[in-house]
Structure formats: structure tokens, C-alpha cells
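Undergrad: predicted coordinates and the sequence they were generated for:
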Amino acid sequence: MNHRKTQSTEAAAAKAGFSTATGYRIQQDPTLPSQKKAPRGRRRPDPLAGIFDEEVVPMLEGDSDIRAVGVFQELMRRHPDLDPGIRRTLERRIRDWRVLHGPDREVIFRQTHTPGRTGLSDFTSMNALGVTVAGQPLDHRLYHFRLPWSGFRHAEVVLGGESFTALATGLQAALWSLGGAPADHRTDSLSAGFRNRCKDDAEDMTERYRLLCRHYGMVPSRNNRGVAHENGAIESAHGHLKREVADALALRGSKDFADIDAYRAFVAEIVGRSNARRSGRIKAERETLKDLPPMRTTDYEETSVDVTSSSGFILKRVFYTVPSRLIGHRLGVRLYDDRLELYVGTVHHLTLPRKHKGASTKAVHVVNYRHVIHSLKTKPMALMNLVYRDELFPRDAYRRCFETAVARLGERAGCRLAVKLLALAHEENCEAALAAEIDGRLAAGKLPDLDALKARFAPEPGAMPEVHVIRAPLAGYGDLLRMGGAS
């Protein structure tokens with residue numbers, strides 16, 4: 001048609017590669033062939049006729065979030081004669097109806113991040129990775145801090161829940177590692193920082209969280225409750241961090257660690273490599289951060305406990321033993337995520353590992369047999385039905401020895417043997433070596449020989465030899481002097 005503006009029909013058709021007849025036909029009717037065809041009608045009856053508008057639409061209007069499969073199952077219940085093959089047709093109809101008549105959907109507004117402006121904190125569970133410590137599954141999560149502009153991150157292994165102690169410890173470790181503090185600190189609705197009773201941050205914030213942020217000059221804020229994508233700058237980073245840890249575990253060839261410190265070092269190395277890749281941007285953002293205060297602030301909870309006649313106390317639904325000389329005393333306790341520090345007055349006396357009681361009903365005990373073995377020696381039968389008997393044995397060899405001895409010798413003799421072995425381990429400081437000997441005897445199908453073990457680990461001191469020193473007469477010194485003078 002462009003050629004036809006200046007050429008004849010025959011010439012325009014030839015230049016366009018058409019025949020002359022086609023040129024005259026297009027000139028008379030320029031409509032495209034695809035536009036001349038009438039829309040194709042249905043080739044079979046509508047299986048949802050009389051059902052979609054009458055039944056499905058009211059369901060969608062009543063609850064816009066109902067799933068298509070839920071509507072399909074309801075229709076099959078109401079109309080057993082319907083062909084199950086209508087499911088795809090129903091899903092397409094519902095999709096098209098929602099496009100035309102459905103409610104407005106939430107819009108996510110992409111944000112521009114400013115260096116030094118915001119730091120984000122959150123916790124994420126790591127149990128799906130299957131990490132074990134000394135062969136035992138490790139129930140834990142990570143505290144995760146991130147600067148969205150530079151991508152700086154810090155992670156701390158947390159053994160308990162999303163407590164204020166875990167938040168304060170992790171946040172302060174992140175800020176001191178970074179060397180500065182951002183202007184704002186943002187979290188989701190953590191119970192460690194907010195009581196979650198009202199929408200006003202200032203009124204809902206806990207006092208200790210307010211003081212923590214004020215110490216570093218940060219303005220605390222949170223996203224709306226239940227709207228996780230508002231914290232997307234760290235929520236999405238959780239997934240990246242988990243994948244990095246999973247890849248590193250696969251390359252390591254084992255998910256088992258000797259102790260919790262080894263696992264913490266493993267995670268710290270992964271995070272350190274991630275920060276090294278962003279060192280340029282982190283250095284640039286560090287220039288915009290606020291200076292840190294002269295020292296850290298409190299990152300623990302304080303409470304007090306009374307030591308009972310059981311030589312222990314209960315704290316956060318967990319029983320802990322302490323040396324029996326503390327029975328009847330009140331102790332000050334500083335609770336950290338992984339330990340308890342005990343104070344008598346203002347003097348630090350003891351540090352205990354901390355355990356956390358989960359949702360299970362099983363009691364949790366933190367027991368050191370050295371605290372009670374002196375009393376157990378005088379009452380060995382108390383071991384038989386002791387509430388924390390399984391936790392009393394420091395190694396599995398001692399527990400298996402006790403069970404085998406009770407089965408073969410009876411309760412009284414079995415308890416006496418087990419208690420004497422624990423006393424020997426404590427008094428001679430040979431817990432590991434003694435456990436190895438016990439393992440060897442049990443593997444041979446025999447019980448430990450207590451006399452032989454005492455002879456090896458606690459031999460009787462031999463008699464001291466009597467040494468007789470003969471004193472030289474004083475006159476001999478005069479002879480020595482005269483001899484020296486003569487020479």
C-alpha cells in the first residue's frame with residue numbers, strides 16, 4: 001500500500017512480491033485475513049454452565065483468598081456427577097474472574113537505601129540443616145544483623161529463643177565488629193524489644209530495649225506486625241545465609257562438630273568471607289556510621305535464686321546443681337544465652353553452662369556430679385531413683401556400667417559400684433581415662449574391677465625411706481683450713 005501511493009496497482013504489486021490479482025484484491029479490501037475470520041465458538045457444552053455464576057462467584061465474593069482447589073472440592077461434593085476433568089477449566093475461570101472483579105492486592109514499594117541509615121536485626125531457625133554437636137542434634141537459630149546498603153552482615157549462634165539477652169549480645173557484637181552504629185535499628189515485632197500490645201512503638205517498647213538503643217544513639221523501629229516483607233532487606237538475606245552454610249557443610253563433608261565453639265567458628269568464617277567480598281562498600285559505609293560509646297552496655301538478664309537442700313536451684317524451668325557449701329545461700333545470677341554467671345554478693349563464684357527448656361514436657365537438668373559425689377558416697381542407693389540420674393553420669397561409659405552392674409549384681413551392689421567409680425574419677429581427676437578403661441571392660445563382657453582401677457589410678461603411697469645423715473665433726477673444718485694455709 002505504500003508503493004501504491006506513487007505507483008500503479010500492477011507496479012506496486014510487483015514491487016511487493018504479489019500477483020496483480022492479489023494487488024487488486026488488497027486494494028479493494030485491505031482487511032487482514034486473520035481479521036476476517038469469525039471468532040471460534042465452543043465445540044462442546046460449557047461444563048460450568050449454571051454453576052460458575054450461581055455458585056462459584058458467591059464463594060469468591062465471600063472470601064477472596066479461597067483456593068481454587070477448595071472451590072473444586074466443594075463443587076465435587078455438591079455435584080457428584082461432575083467430571084473431575086473440569087478442574088483446570090475452573091482454575092482458569094477463577095483466575096480470569098479475579099483479574100476482572102477481584103480485590104486490589106497489596107503493592108510492595110521498592111526502597112532506596114542510604115549508607116549509615118538503617119541496621120536490621122532478626123532471628124532465623126537453622127534446625128533444617130541438621131547440624132549436630134558430638135553426635136547430638138543442635139536445636140538452634142541464628143541472630144542475623146545486616147546493613148542493607150553495603151551488605152555487611154553479622155551472625156551469632158543462639159541456643160535459646162529470641163530473647164533480649166540474645167538480641168543484646170548479638171547486636172552489640174555486630175556493632176563492635178563493624179566499628180560504628182547506624183542511625184536507626186529496625187526489627188520485626190520481637191518480644192525481646194516490644195510487648196506487642198499496641199501499634200505505637202514508643203509506648204509498646206520495653207524499657208531495656210529502649211536503653212540499649214539509646215546507649216548506641218540508634219532510633220528503634222519495627223515493621224507492621226505480620227508483614228514480613230517490610231523487613232525484606234534481611235528476610236531475603238536469611239535464605240542466602242542458610243544456603244551458604246548448607247553449601248559449606250556439604251563441602252566440609254560432615255555436619256557434626258566436636259563442640260559448640262567449633263560450630264560458632266565455622267559460621268563466623270562463612271560470614272567473614274561474605275563481608276570480605278563487600279569490603280569496599282563496607283568501608284565506605286563505615287565512614288557514615290556513628291561513633292561507638294566507650295564501652296558496651298548490659299547484655300544479660302539479672303535475677304537471684306535460692307540454693308535448696310538438693311544442692312541446686314531451678315531457673316527458667318531448668319534445674320542446676322552447685323557445690324553443696326552454697327546450700328541455703330541466695331545467689332545473684334546473670335543470664336546469658338549460653339551460660340549462667342553466679343555471684344555470692346558481688347563476688348563471682350561460678351559459671352554454669354545454660355540449657356533451655358523447649359515445648360517438650362521432659363524435665364531439663366544441668367548436673368555436675370562433682371557437686372554432689374561426696375554426699376552420694378554416703379548414700380549410694382539414692383542413685384537408683386535419682387531424678388537427674390541420667391544427667392549425673394559425665395560420660396556414657398559410666399551410665400552403661402551402672403545399668404550393666406544393676407542387671408548383673410542387683411540394685412544395691414550396682415549403685416555402690418557406680419558411685420565408687422564416680423568418686424574415683426573425681427578424686428583422682430581421671431574421668432576420661434577411667435571411662436576408656438570402663439569401655440574396654442564392658443566391650444569384653446565384664447564389669448570393671450574396682451581394686452585394679454584403684455591400683456592404677458589411686459595407688460597407695462609407698463613408705464618413705466629413712467635417711468640418716470652423719471654430721472662431720474667440727475674439728476675436721478680446722479684441719480681443712482690448716483691444709484689450705486700450708487698450700
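TA: Cool, got the structure. Residues are numbered from 1 along each chain as shown.

Undergrad: mind giving me the packing neighbours of whatever helix or strand Ile26 lives in?
TA: Per DSSP states H and E, Ile26 falls inside helix 20-28. On a contact count with 3 or more Cβ pairs under 8 Å, 6 or more residues apart in numbering; DSSP states H and E, helix 20-28 meets helix 9-16. (C-beta placed from N, C-alpha, C; glycine too.)

Undergrad: ok, now which ones touch the spatially closest residue to Val366 that is not a sequence neighbour?
TA: Distances taken as Cβ to Cβ, 6 or more residues apart in numbering put Tyr320 closest to Val366, at 4.7 Å, once the chain neighbours are dropped. Counting by Cβ atoms under 8 Å, 6 or more residues apart in numbering, Tyr320 touches 312-314, 340, 352, 365-367.

Undergrad: and the nearest residue to His154 once chain neighbours are set aside, which helix or strand is it part of?
TA: Excluding the flanking residues, the one nearest His154 by Cβ to Cβ, 6+ apart is Ala174, at 3.6 Å. Here Ala174 sits within helix 164-178, counting by DSSP H and E.

Undergrad: from the contact counts, what lies against that helix?
TA: By 3+ Cβ pairs under 8 Å, 6+ apart, helix 164-178 packs against strand 118-125, strand 141-146, strand 153-158, helix 207-215.

Undergrad: show me which positions of it end up buried.
TA: 164-175, 178 (16 or more other Cβ atoms under 10 Å).

Undergrad: quick check: buried residues in stretch 244-256?
TA: Quick answer for stretch 244-256 (16+ other Cβ under 10 Å): 245, 249, 255-256.

Undergrad: tabulate those (a markdown table), appending distance to His113.
TA: Formatted as a markdown table, the buried residues of stretch 244-256 follow (distance: Cβ to Cβ, whole Å):
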| residue | distance to His113 |
| --- | --- |
| Val245 | 25 |
| Leu249 | 31 |
| Lys255 | 35 |
| Asp256 | 39 |
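
Undergrad: next SSE after the biggest helix by length in the chain?
TA: Assignment by DSSP state H gives helix 232-252 as the longest helix of the chain. Sequence-wise, the next helix or strand downstream of helix 232-252 (DSSP H and E) is strand 256-257.

Undergrad: what's in contact with that next one?
TA: By Cβ under 8 Å, 6+ apart, strand 256-257 touches 131-135, 263, 266.

Undergrad: only the buried subset of the contacts of Tyr320, as a PyMOL command please.
TA: Listed next is the PyMOL selection for buried residues among those, using 16+ other Cβ under 10 Å:
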select buried, resi 312+313+340+352+365+366+367
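
Undergrad: with respect to Val57, which of the contacts of Tyr320 is nearest?
TA: Ile314 (59.7 Å; Cβ to Cβ).

Undergrad: contacting residues for that closest one?
TA: Listed by Cβ under 8 Å, 6+ apart, the contact partners of Ile314 are 305, 320.

Undergrad: tell me the helix or strand right after the helix or strand hosting it.
TA: Per DSSP H and E, Ile314 falls inside strand 312-315. Later in the chain than strand 312-315, the nearest helix or strand by DSSP H and E is strand 318-321.

Undergrad: from Glu437, how far out is Leu376?
TA: Leu376 sits 21 Å away from Glu437, going by Cβ to Cβ, to the nearest Å.

Undergrad: actually Thr378, not the one I wrote
TA: Taken as Cβ to Cβ, the span from Thr378 to Glu437 is 25 Å.

Undergrad: the two: which is more packed in?
TA: More neighbours surround Glu437 than the other of Thr378 and Glu437, with 18 against 8 (other Cβ atoms under 10 Å).

Undergrad: that one falls within a strand, correct?
TA: No. Counting by DSSP: H, G, I helix; E, B strand; the rest coil, Glu437 falls outside a strand, being helix.

Undergrad: quick one, grab the pLDDT at the closest residue to it other than its chain neighbours.
TA: In this structure, Glu437 finds its nearest non-sequential neighbour in Leu453, 6.3 Å apart by Cβ to Cβ, 6+ apart. Per-residue pLDDT puts Leu453 at 90.

Undergrad: low-confidence ranges, the chain, go.
TA: Residue ranges of the chain with pLDDT under 70: 33-34, 39, 189-205, 223-232, 359-361, 462-464, 484-487.

Undergrad: which residue is nearest the centroid of it?
TA: Nearest to the geometric centre of the chain sits Arg141, at 0.8 Å (Cα atoms, centre = their mean).

Undergrad: quick check: that residue touching Leu129?
TA: No. Applying Cβ atoms under 8 Å, one finds Arg141 not in contact with Leu129, separated by 11.0 Å.

Undergrad: picking up where we left off before, need the buried residues of helix 164-178 in CSV with distance to Arg208, can you?
TA: Output for the buried residues of helix 164-178, formatted as CSV (distance: Cβ to Cβ, whole Å):
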residue, distance to Arg208
Phe164, 6
Thr165, 10
Ala166, 13
Leu167, 10
Ala168, 8
Thr169, 13
Gly170, 15
Leu171, 12
Gln172, 13
Ala173, 17
Ala174, 18
Leu175, 17
Leu178, 22
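
Undergrad: what is the nearest of those residues to Leu480?
TA: Set against Leu480, the nearest of the buried residues of helix 164-178 by Cβ to Cβ is Ala173 (73.4 Å).

Undergrad: once you drop chain neighbours, what's closest to that closest one?
TA: Excluding the flanking residues, the one nearest Ala173 by Cβ to Cβ, 6+ apart is Glu156, at 6.1 Å.

Undergrad: pretty sure that neighbour contacts Thr169?
TA: Yes. Here Glu156 lies in contact with Thr169, judged by Cβ under 8 Å, at a distance of 6.7 Å.

Undergrad: so what sits against both of these two?
TA: With Cβ under 8 Å, 6+ apart, Glu156 and Thr169 have common neighbours Tyr143.

Undergrad: what distance do you get for Gly410 to Pro148?
TA: For Gly410, the distance to Pro148 - Cβ to Cβ - is 67 Å.

Undergrad: more neighbours: those two, which one.
TA: Using other Cβ under 10 Å as the criterion, Gly410 and Pro148 rank with Pro148 on top: 21 against 10.

Undergrad: wait, the more buried one sits on Arg278?
TA: No. Between Pro148 and Arg278 there is no contact under Cβ under 8 Å: 11.7 Å.

Undergrad: what's the overlap in contacts for the two?
TA: Shared contacts of Pro148 and Arg278, defined by Cβ under 8 Å, 6+ apart, are absent.

Undergrad: what ranges do the helices span in the stretch 51-200 of the chain?
TA: 57-62, 68-78, 87-101, 164-178 (DSSP state H, counting those that start in this stretch).
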